[in-house]
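Enquirer: Predicted model and sequence follow; I will ask about them next.
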Amino acid sequence: MMNFVVKTIANAGALAVAVWLLDKITLTGDSTGKKTGTLILVALIFGLVNFLVKPVVKLLSLPLLILTLGLFTLVVNALMLLLTSWLADKLDLSFHVEGFWTAVLGGLIISVVSWALNVVLPDGKD
């Protein structure tokens with residue numbers, strides 16, 4: 001359970017950095033508390049998308065992953081971010097990613113920041 005909480009916090013932090021760095025990834029809200037709540041909910045959605053959908057997409061795109069020596073993972077990450085944006089819109093959350101190339105750059109930022117936060121944060125396996 002603690003590992004899930006740490007990963008969700010890391011995802012929320014990584015999403016916050018992407019929102020901060022890229023103008024076309026937006027998170028709106030009336031107050032800081034509402035933005036934080038939305039960010040945590042979007043992080044949960046992003047985590048579920050990465051847990052449920054991403055393995056299937058990676059398996060189906062395995063030939064492309066091998067052919068591009070893994071660079072196609074950037075496209076897969078972008079698609080997961082776009083799916084998260086679409087789901088957030090359907091759930092009436094104020095998170096939006098505008099365009100595929102923004103999603104590629106956002107996915108790269110989120111991957112790097114999430115990795116760094118997972119290194120720093122405790123893993124909860126005590």
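Expert: That came through, no problem.

Enquirer: where does the residue most central in space within the chain land on pLDDT?
Expert: Geometric centre of the chain, nearest residue: Phe46, 4.9 Å, by CA atoms, centre = their mean. You'll see Phe46 listed with a pLDDT of 95.

Enquirer: Repeat that for Lys125.
Expert: Predicted confidence (pLDDT) for Lys125: 59.

Enquirer: Quick check: Ala12 vs Thr68, distance?
Expert: Using CB to CB, to the nearest Å, we find Ala12 at a distance of 30 Å from Thr68. Bear in mind the C-beta positions are built from the backbone N, C-alpha and C, glycine included.

Enquirer: Which one's more surrounded, those two?
Expert: A count of neighbours by other CB atoms under 10 Å puts Ala12 above the other of Ala12 and Thr68, at 22 against 13.

Enquirer: got a list of what the residue nearest to the centre of the chain touches?
Expert: Asn11, Leu15, Met80, Leu81, Thr84, Ile110 (CB atoms under 8 Å, 6 or more residues apart in numbering).

Enquirer: can you put those residues in TSV and add pLDDT and neighbour count?
Expert: Output for the contacts of Phe46, formatted as TSV (pLDDT from 0 to 100; neighbours: other CB atoms under 10 Å):
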residue	pLDDT	neighbour count
Asn11	91	25
Leu15	94	26
Met80	96	19
Leu81	96	27
Thr84	96	28
Ile110	94	26
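
Enquirer: I'd assumed Ala88 was in contact with Val49.
Expert: No: Val49 is not in contact with Ala88 according to CB atoms under 8 Å; the separation is 10.3 Å.

Enquirer: Kindly check the end-to-end length of stretch 83-101 for me.
Expert: 14 Å (CA to CA, to the nearest Å).
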